[in-house]
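Novice: What shape does this take:
(chains A and B)
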2 protein chains.
Amino acid sequence: MAERIRIKDIAERAGVSVGTVDRVLHDRPNVSKPAREKVEQALKEMNYQPNMYASALAYNKAYTFCLLIPKHESEAYWEEIEEGARKCEDQRRDFHIDLEIRFYERSNEDSFKAVSQEIVDAKPEGVIIVPSSLEVTRGFTDQLHQKGIPFILLDSYMPDLRPLSFYGQDSFCSGYFAAKMLMMLAGNEKEVMLMRQTKDGHVVSKQQDNREVGFRHYMHDHFPQIVINVLDLPLNGTRNEYQKMMAQYFDEHPATHHCITMTSKAHLVGDYLLKSNRRDVQIMGYDMVGKNAKCLREGSISFLIAQHAYMQGYYCVDTLFRAIVLKKKVNPVNYMPIELLMKENIDFYRRTQI
Amino acid sequence: MAERIRIKDIAERAGVSVGTVDRVLHDRPNVSKPAREKVEQALKEMNYQPNMYASALAYNKAYTFCLLIPKHESEAYWEEIEEGARKCEDQRRDFHIDLEIRFYERSNEDSFKAVSQEIVDAKPEGVIIVPSSLEVTRGFTDQLHQKGIPFILLDSYMPDLRPLSFYGQDSFCSGYFAAKMLMMLAGNEKEVMLMRQTKDGHVVSKQQDNREVGFRHYMHDHFPQIVINVLDLPLNGTRNEYQKMMAQYFDEHPATHHCITMTSKAHLVGDYLLKSNRRDVQIMGYDMVGKNAKCLREGSISFLIAQHAYMQGYYCVDTLFRAIVLKKKVNPVNYMPIELLMKENIDFYRRTQI
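Specialist: Below is the predicted model of the structure:
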């Protein structure tokens, strides 16, 4: 272990007072340029590593971070993100981190604009954003840049907006990987079903859209003969409506034995299959939410791709903490693992990694 | 955020001096029983959460942790563990953590005994052990218990030894999972090859042994008709000897198109196949070491199971840190994820998770 370097030793080496060293270390005024240079030279020669934790604690400042996230039901992917973010806030309690979570309606740009304006007005020390469309999000991040407030993008990567950092999965590669796994089961089939959730016929989530592109890319290259039947369930539909639509689909497509969805709602299909006693369909879906995990354990879902939502929430807050409070460098782009879960390894999935 | 509670406020509420509160908080002597009770009551009523970081930093004590690990070549699984452990030591530098890594010869119990005795004599604050056999390891851990030195087991779980904590993969489940994945490729085959590394005909690693049990369990239940041909490569053999043995195996078994190994040496088979230009064999192996990753990217290995060696090393040191320095409760049993890697998701494997 490196020996501890005392302020006194630095002052001696630099030939200045202890107070001067202290002012340089904490970047405070009233130090002459030659004195500052002497201290910096001494720090370099002594390979001084500041004790960031001690400095941050001594500074005794409070920090507010905002997390802007879509409104959601419970047991959803976004809830996992919230929980991870809250956990990090709690673990960093000693440093007076205050996390405010604010919600917008996913398919409503005005809602994003209104809530993001509230955040700008509140002048937080840092922001985490699940983006809306590029242009609407830019309206928000331009203001943050102007005010010098660092922000992290969560879920969708938009390098144009120059975020401090990004956390999320590479959706294209994830969909490509999903296709390869599904085809290990379905390579000899004539057709597969792709279940989507849409509003006015469109997939609202950019992530889900990109996964579908990756999926179709793999299918086009390796299994062009397999037909992809799309079943669109409306985003605001009832469980009853979904059941009817699925019943109709499977009545009309008795040759479908494999279903994939880029949403976190694979359990909708899983439950339907269980209830209608159809045992000849295998499902692949996304996200380790409770209902999906249950279906995986019971066998109605064969594969899930996890994307560590909890850890994404945790890392985003921790990254703001390390950048803003500890003044450390942080990684600009952080792709999450593409992790395959089946009945045989789900019990070892580490939700928290901590 | 909870408001900060000052020592002064606690003293006021308890009706004692600031010095008394300080002595109670830091568990120092010279406090009367009634005064201690008054302070504890006040802490409870005020829901006081001690600032563990600040306390640890103020205490300004140095800690030595020992990591006892098998001797190994570079690019091996154990090297990953070392690097993760060193990383954590570095990240906790502010708390004066000193990590000493010591090595023993894996297949030599006397070596384990000698090095572990050195560790006992050095009186470290905490120990991390990659176990030898149960009885030999017990000889070491009994002494640690006697001296009140907490220890963590890494790699092999031996609950009898009552460790502070355990980090590693569930080997049986991991081998079972590996079999299921391999059979997605090889379900229609007549035979598969199981490559092992042995000393005097025995698998030295308990982990590898248990994986094989899990693997055979799945095969017995689901594919009893598939023959498992074992190829044992001696642990201290040369690359040349290995090449010859593999050439002989594949000449004698032209119907083998799938190979699995529970070792981290899948790349030995991968390299052989590449060089001998055999394109009709798929390999499944363990551990994200550099040579395996290269084979996976080039296509000579189809599947790898990762077990996050780097993070195991990191977590072990961090767990000692949190238990001993921060005096926090830690999880007693920590199974690592069973993570499947293929060409399509290897680039998103997070070695560090930090």
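
Novice: So which residues on chain A come close to chain B?
Specialist: Residues of chain A lying near chain B by C-beta under 8 Å from any C-beta of the partner chain: A:1-2, A:4, A:49, A:51-54, A:57, A:62, A:93-94, A:96-98, A:169-170, A:173-174, A:176-177, A:180, A:184-185, A:311, A:335-340, A:342, A:344-345, A:347-350, A:353. C-beta here means a position set from N, CA and C on the backbone, and glycine is covered the same way.

Novice: Looking at those, which are in strands?
Specialist: A:97-98, A:335, A:339-340 (DSSP state E).

Novice: Show me what the mean pLDDT comes to for stretch A:177-191.
Specialist: Across stretch A:177-191, the average pLDDT comes to 95.

Novice: export it as CSV, just CAs?
Specialist: This file holds the C-alpha atoms of stretch A:177-191, laid out as CSV (Å, rounded to 0.1, in the frame of the first residue of the first chain):
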residue,chain,number,x,y,z
PHE,A,177,-29.0,-12.6,-30.6
ALA,A,178,-32.6,-13.3,-29.7
ALA,A,179,-33.2,-14.5,-33.3
LYS,A,180,-30.2,-16.9,-33.1
MET,A,181,-31.4,-18.4,-29.9
LEU,A,182,-35.0,-18.8,-31.1
MET,A,183,-33.8,-20.5,-34.3
MET,A,184,-32.0,-23.1,-32.2
LEU,A,185,-35.5,-24.2,-31.2
ALA,A,186,-37.4,-23.2,-34.4
GLY,A,187,-34.9,-23.8,-37.2
ASN,A,188,-37.2,-26.4,-38.9
GLU,A,189,-40.4,-24.4,-38.6
LYS,A,190,-42.4,-22.8,-41.3
GLU,A,191,-43.5,-19.7,-39.3
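
Novice: are any of the ones in strands among the residues of chain A next to chain B buried, and which?
Specialist: A:97, A:335, A:339-340 (16 or more other C-beta atoms under 10 Å in any protein chain shown).

Novice: Across the sheet, point out what pairs with A:Y104.
Specialist: Listed by DSSP bridges, the beta-bridge partners for A:Y104 are A:P70.

Novice: Next, work out how far apart it and A:S116 are.
Specialist: Counting by C-beta to C-beta, to the nearest Å, the gap from A:Y104 to A:S116 is 8 Å.

Novice: higher neighbour count, the two?
Specialist: A:S116 (24 against 20; other C-beta atoms under 10 Å in any protein chain shown).

Novice: What ranges in chain A fall below the confidence cut-off?
Specialist: A:1-4, A:50-52, A:75, A:353-354 (pLDDT under 70).

Novice: which neighbours do A:Y104 and A:S116 share?
Specialist: Residues touching both A:Y104 and A:S116 (C-beta atoms under 8 Å, 6 or more residues apart in numbering or on different chains) are A:L68.

Novice: Let me see the ranges of the strands in chain A.
Specialist: A:63-70, A:97-104, A:126-129, A:151-154, A:165-168, A:191-198, A:227-234, A:258-261, A:282-286, A:303-306, A:333-335, A:339-341.

Novice: which one of those has the most crowded surroundings?
Specialist: strand A:126-129 (a mean of 27; mean count of other C-beta atoms under 10 Å in any protein chain shown).

Novice: Report the distance from that one to the chain centre.
Specialist: Relative to the centre of its chain, strand A:126-129 is centred 12 Å away, using C-alpha atoms, centre = their mean, to the nearest Å.

Novice: Which strands border that strand, and is each parallel or antiparallel?
Specialist: Sheet pairing for strand A:126-129, using DSSP bridges, gives strand A:63-70 (parallel), strand A:151-154 (parallel).

Novice: Export those as TSV, with columns for distance to A:T263.
Specialist: As requested, these are exported to TSV (distance: least, C-beta to C-beta, whole Å):
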stretch	distance to A:T263
strand A:63-70	13
strand A:151-154	18
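
Novice: got a list of contacts for stretch A:96-115?
Specialist: A:60-72, A:82, A:85-86, A:88-89, A:116, A:118-119, A:122, A:124, A:132-133, A:136-137, A:139-140, A:199, A:204-205, A:235, A:317, A:321, A:325, B:1, B:4.
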